[in-house]
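Asker: what shape does this take:
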Amino acid sequence: MSPSRSRGQHAGLDPTTILRTAIRLADREGLAKLSMRRLGTELGVEAMAIYHHFPSKDALLDAMVGELVVEATGGRASAGDWQSRVRDFGLGFYDKLTAHRELVPLVLTRPAMTSGNLQALEALIGMLCEAGFSPETALDIVYAVGRLALVHAALSTGTDAGTAPAGDPTSRLVGASAEDYPLLIAAARASVGRPPTYRLEFALDAMLAGFAALGPGDPTDS
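Answerer: Got it, this is the predicted structure:
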């Protein structure tokens, strides 16, 4: 060990490597089996080496949530007007959550306050402020879109299995009586085959149209 390296440190071990390994481990074995000891084994180090970068498991879990937000803000093309960029954020967040379904309960219960997460939010709010919105309204927009994506991800992955089954409920409606419920069944049959993000995109577009109708500034000022 290098004299300049403190006890518990390992060459090549950094927060990004730890986070990505923790996410892969949770994807593969489930969040319940993620422990500092198990993560250390996966990384080929003692658990104490991880604590040099993350002082507790709670700090690690918060950082994992923050990492998903950071990836969501950079995962899709973000060029164009503010509507396109906010839409990309919502769909990117949904993409990340459904790709890491084991982490959805974590995001539901742990609002991250990591520097990476805060920087991503700051950038989104800054972009909306440049478009003419007040900081307060910009934050409302970001949270509204993020929570919409989170709820859709939780339902589509079956995370909230105690209250709702996974997937699109349309597939269950088509088996009902067309004679008794003609409009409902016609609508359900017409919906079959749509992409899984269809209703999320529908809601996002409606929400963005509403935000645009507010115009620049805080709606309470009007």
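
Asker: tell me which residue is most central in this structure.
Answerer: Centroid-nearest residue in the chain: residue 93, 3.9 Å away (criterion: C-alpha atoms, centre = their mean).

Asker: quick check: that residue touching residue 146?
Answerer: Yes - counting by C-beta atoms under 8 Å, residue 146 is a contact partner of residue 93 at 5.9 Å. C-beta coordinates here come from the backbone N, C-alpha and C atoms, glycine included.

Asker: common neighbours of these two, please.
Answerer: Common contact partners of residue 93 and residue 146 (C-beta atoms under 8 Å, 6 or more residues apart in numbering): residue 69.

Asker: just the CA atoms of stretch 47-65, as CSV, please.
Answerer: Only the C-alpha atoms of stretch 47-65 are listed here, as CSV (Å, rounded to 0.1, in the frame of the first residue of the first chain):
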residue,chain,number,x,y,z
ALA,A,47,-16.2,-3.3,3.3
MET,A,48,-14.2,-0.8,5.2
ALA,A,49,-12.7,0.5,1.9
ILE,A,50,-16.2,1.5,0.8
TYR,A,51,-16.8,3.5,3.9
HIS,A,52,-13.9,5.7,2.9
HIS,A,53,-16.1,7.0,0.1
PHE,A,54,-19.5,6.6,1.6
PRO,A,55,-19.7,7.0,5.4
SER,A,56,-22.8,4.8,5.7
LYS,A,57,-25.1,2.6,3.8
ASP,A,58,-27.7,5.4,3.8
ALA,A,59,-25.2,7.7,2.1
LEU,A,60,-24.6,5.0,-0.5
LEU,A,61,-28.4,4.5,-1.1
ASP,A,62,-28.9,8.3,-1.4
ALA,A,63,-26.0,8.4,-4.0
MET,A,64,-27.6,5.6,-6.0
VAL,A,65,-30.8,7.6,-6.3
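
Asker: what's the weakest-modelled helix or strand in the protein?
Answerer: helix 170-173 (a mean of 76; mean pLDDT, DSSP states H and E).
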